[in-house]
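Participant: Just need the structure, nothing else, for what follows:
(2 chains)
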Amino acid sequence: MSDNIVHESAQPSATDKLSVSRRWMLLKLGVAFNGLIGLAVATPVIRYLLSPVKKDEDYLAWVELGSLSDYPVGETRLATFINPFRQSWDGATDKVACYVRRTAENEFQIFAINCAHLGCPVRWFPQSQLFMCPCHGGVYYADGSRASGPPERGLFTYPYKVVRGKLQIDAGQMPTFANTAKLVNIENAKGNSPCAG
Amino acid sequence: MRWVKTAYNWLELRLQLEAPIKEAALHPVPRRTASWWYVFGSAAFTLLLLQIVTGILLAIVYAPTAGEAWNSLNVLNHQLELGWFLRAMHGWGSSFMVAVVIVHMMQVFLFGAYKFPRELTWILGVFLLLMTLAMAFTGQVLRFDQDAYWGLGIGASITSRIPIVGGPMVHMLLGGPIIAGATLSRFFALHVFVIPGAMLLFVALHVWMVLKLGVNEWPMPGRIVRRSTYLAEYNKMTHEDGVPFVPVAFWKDAVFSGAILAAVAVCAVVFGPFGPGGQPDPTIIQAVPRPDFFFLWIYAALAYLPPSMETPFILIAPIIGISVLLALPFYASEGEKSWHRRPVAVLMLTTIAVSWGVLTHLASFTPWSPHMDAWSGDPVPVRYLQHATPLVRQGAVVFQEKQCRNCHALDGSGGQRGPALDAVATRMTTDQLIRQVLQGGGNMPAYGKNLSPAEVNALVSFLETLHPANQQPAADASRREVESAQSSLGSAPAK
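Facilitator: Numbering: from 1, shown residues only, chains lettered A, B, ... in the order given. Coordinates of the predicted model:
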């Protein structure tokens, strides 16, 4: 840019032009062929890349949380389970924690550990009956409804059932705003009885 | 030494690199650009080289699997000779690189260097900044500890808020339904192959354009950039009052790069490597996740945004920010370069820098987070309980036991989520205190269901004593009327 050098090549002669245009045609053919093969090979690879993307129900399975006697009525306990879609190289990250609140003999609320704000692990304080989040100060009541702070909704809950004296939950996916269709929303509860758990 | 010359000639005959290297090194630059202000770009490049070298040295030991990454980092830290030093160099190198890249960008902005014909250089620079930040984030993930695990959770939560494609994008980000082995593997591929590869390409083009278009001249008030005349003016400037880039400008680059490397090494030796922190076991919930330094400002912004603003802000603000940076050289490709004639630019830069500083400072002590251990770890100051009645002492017990302290400080210790309560009795009457405790409000949870009437009574009695000795507690004027009427009449007034 700093020098005013004029880049000019000699004008091609008539015969040069002919041969050049034929060579250019061959080049175009070659590039097109290469591109076609490349596309044919690369297209299936997109499916390889997208393989983790599945429907929510494909990432859900019933997981056992232990026997009912582990969870006294009226209390909230931390429970852990192994992610049903684990791989052998997951290490400790195949474990998932959740809170089990037993409200009556056969009534439970199973809360995801993840704050509904940005997913940090909430901590349960039985004395004040509150869940508190260490990240941005989200607080939830014992029934999972929002008490204060930045969360826009209550804690995520897992569906549960009791099978032969064992508690089971439908889990497998990190709960986020994108998959809450499968998780019960308890936004409207205001520190009262669980409305939909 | 004749064989050196012979070997050189043998190579040069085949490589023919002498001419282009000489041309690049000796090209004339405007005299005043041989300045200490122009050293940040080359320092960023030096740091990139440092990161590549230390990164490769770490990669020959690091085990990129979720099950073993944390263990291999501890082996690096504690068992391998100088493993800790290489981890520290890579970690501090990363911090310095982000800082130097940002300073470089600020200098380029302030000096108007993004104007014609250097628009594309700026645009590639914007992408290089984004890639540097992406390297910092993915690098934090590879330090696979508690912070990394929950940092990924925050990343997934933010991604999930994108309309329609949020769910699939979370799966793509995590490589599956939860943070696990597949997540670390893909972040390893990003950090080690994808982003560095793209970065090298972009850096090559960025430096190529700096060499081809010349170093930006020192901005002078009144020297206006015009597309029609700039190239000729710059050409004249460099040829009539120019100096060869090497050695006149380059020696400063070399000295500064050396100084930066020395600073990284000193930090590495003195402060040591970053983590790893607690092991990445999601069932250990006694975690207080913190992002690395350069993401603290986002952490703070997310705490202060009103809930309704959050999703729009998270999703739209980055797009606007990046678009503004990319559009800048087109919007202002001509005109004044000097900061003396660009008050808006200077003000913007100052505002952004101050906001960044304030948010980062706030994130260093997180006044928005409850202190999870304050209720059991910070006792009520003894002087608040001297000469206290049994009821007041019982109230102090309730205050601690119900985790009030996690959000409310006494005597400077405790959470800062809610107001400090050292003088709460001067601000609120008894009735107001009872109402606040029972019903909450103003970001405080309602305790009505979790406190017995006796506990409320004790707690409020304690709170009523919290006022300076020389200042009366707040009192309800009408209540005083009622009480005086009550005592003078000796009978209960009608309610």
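
Participant: I believe A:R101 is in a strand; please confirm or correct that.
Facilitator: Yes: assessed with DSSP: H, G, I helix; E, B strand; the rest coil, A:R101 lies in a strand.

Participant: Report the beta-bridge partners for it.
Facilitator: Taking DSSP bridges as the rule, A:R101 bridges to A:T76, A:Q109.

Participant: Report whether stretch A:110-129 contacts chain B.
Facilitator: Yes: Stretch A:110-129 is in contact with chain B by Cβ under 8 Å from any Cβ of the partner chain, via A:113-114, A:117-123, A:125, A:127-129. Any C-beta I mention is one placed from the backbone N, CA and C, and that applies to glycine too.

Participant: start to end distance for that stretch?
Facilitator: 15 Å (Cα to Cα, to the nearest Å).

Participant: what mean pLDDT does it have?
Facilitator: Confidence over stretch A:110-129 (mean pLDDT, whole number) is 91.

Participant: same check, this time on stretch B:13-25
Facilitator: Averaging pLDDT along stretch B:13-25 gives 92.

Participant: Ok, stretch B:31-43 next?
Facilitator: On average, stretch B:31-43 scores 91.

Participant: Repeat that for stretch B:104-117.
Facilitator: For stretch B:104-117, the per-residue pLDDT averages 94.

Participant: Tabulate the CA atom coordinates of that stretch in PDB.
Facilitator: Only the C-alpha atoms of stretch B:104-117 are listed here, as PDB (Å, rounded to 0.1, in the frame of the first residue of the first chain):
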ATOM      1  CA  HIS B 104      -4.400  -3.100  23.200                       C
ATOM      2  CA  MET B 105      -8.000  -2.700  22.100                       C
ATOM      3  CA  MET B 106      -8.500   0.400  24.300                       C
ATOM      4  CA  GLN B 107      -5.300   2.000  22.900                       C
ATOM      5  CA  VAL B 108      -6.400   1.200  19.300                       C
ATOM      6  CA  PHE B 109      -9.800   2.800  20.000                       C
ATOM      7  CA  LEU B 110      -8.300   5.800  21.700                       C
ATOM      8  CA  PHE B 111      -5.800   6.400  18.900                       C
ATOM      9  CA  GLY B 112      -8.500   6.000  16.200                       C
ATOM     10  CA  ALA B 113      -6.500   3.200  14.600                       C
ATOM     11  CA  TYR B 114      -9.600   1.400  13.400                       C
ATOM     12  CA  LYS B 115     -10.300   4.100  10.800                       C
ATOM     13  CA  PHE B 116      -9.700   3.700   7.000                       C
ATOM     14  CA  PRO B 117      -7.900   1.600   5.800                       C
END
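
Participant: Distance from the chain centre to that stretch, please.
Facilitator: 23 Å (Cα atoms, centre = their mean, to the nearest Å).

Participant: contact partners of it?
Facilitator: Residues outside stretch B:104-117 that contact it (Cβ atoms under 8 Å, 6 or more residues apart in numbering or on different chains): A:1, B:37-38, B:40-41, B:43-44, B:121-122, B:125, B:129, B:213, B:216, B:218-219, B:225, B:227, B:230-231, B:328-329, B:332-339, B:342, B:345-346, B:349, B:353.

Participant: which parts of that stretch are buried?
Facilitator: Neighbour counts using 16 or more other Cβ atoms under 10 Å in any protein chain shown place B:104-105, B:107-117 of stretch B:104-117 among the buried residues.

Participant: can you list the residues of stretch A:110-129 next to chain B in CSV and add secondary structure?
Facilitator: Shown next, in CSV, are those (three-state DSSP):
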residue, secondary structure
A:I113, coil
A:N114, strand
A:H117, coil
A:L118, coil
A:G119, coil
A:C120, coil
A:P121, strand
A:V122, coil
A:R123, strand
A:F125, strand
A:Q127, coil
A:S128, coil
A:Q129, coil
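
Participant: Of those, select the buried ones using a PyMOL command.
Facilitator: Of these, the buried ones can be selected in PyMOL as follows, counting by 16+ other Cβ under 10 Å:
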select buried, chain A and resi 113+114+117+118+119+120+121+122+123+125+128+129
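
Participant: What lies in contact with the host helix or strand of B:F188?
Facilitator: Using DSSP states H and E, B:F188 maps to helix B:181-189. The contact list for helix B:181-189 (Cβ under 8 Å, 6+ apart) reads A:52, A:87, A:89-91, A:93-94, B:64-67, B:69, B:138, B:141-142, B:144, B:152, B:173-176.

Participant: Kindly recompute the last result at 6 Å.
Facilitator: A:87, A:89-90, B:64, B:66, B:138, B:141, B:144, B:174-176 (Cβ atoms under 6 Å, 6 or more residues apart in numbering or on different chains).

Participant: residue nearest the centroid of chain A?
Facilitator: Note on chain A: the residue nearest the mean C-alpha position is A:M174, at 4.9 Å, using Cα atoms, centre = their mean.

Participant: helix, strand or coil for it?
Facilitator: Strictly by three-state DSSP, A:M174 counts as coil.

Participant: Who are the contact partners of it?
Facilitator: Shown in contact with A:M174 (Cβ under 6 Å, 6+ apart): B:I178.

Participant: And A:I110, by the same measure?
Facilitator: Applying Cβ under 6 Å, 6+ apart, the residues contacting A:I110 are A:98, A:100, A:157-158, A:160, A:169.

Participant: what's the spacing between it and chain B?
Facilitator: Separation of A:I110 from chain B (Cβ to the nearest Cβ, to the nearest Å): 15 Å.

Participant: A:Q129 versus the residue nearest to that residue when sequence neighbours are not counted, what's the distance?
Facilitator: In this structure, A:I110 finds its nearest non-sequential neighbour in A:Y158, 4.3 Å apart by Cβ to Cβ, 6 or more residues apart in numbering or on different chains. Look at A:Y158 and A:Q129: by Cβ to Cβ, to the nearest Å, they are 20 Å apart.

Participant: Hmm, B:E23 and B:L211 touching each other?
Facilitator: No: B:L211 is beyond contact range of B:E23, at 8.6 Å (criterion: Cβ atoms under 6 Å).
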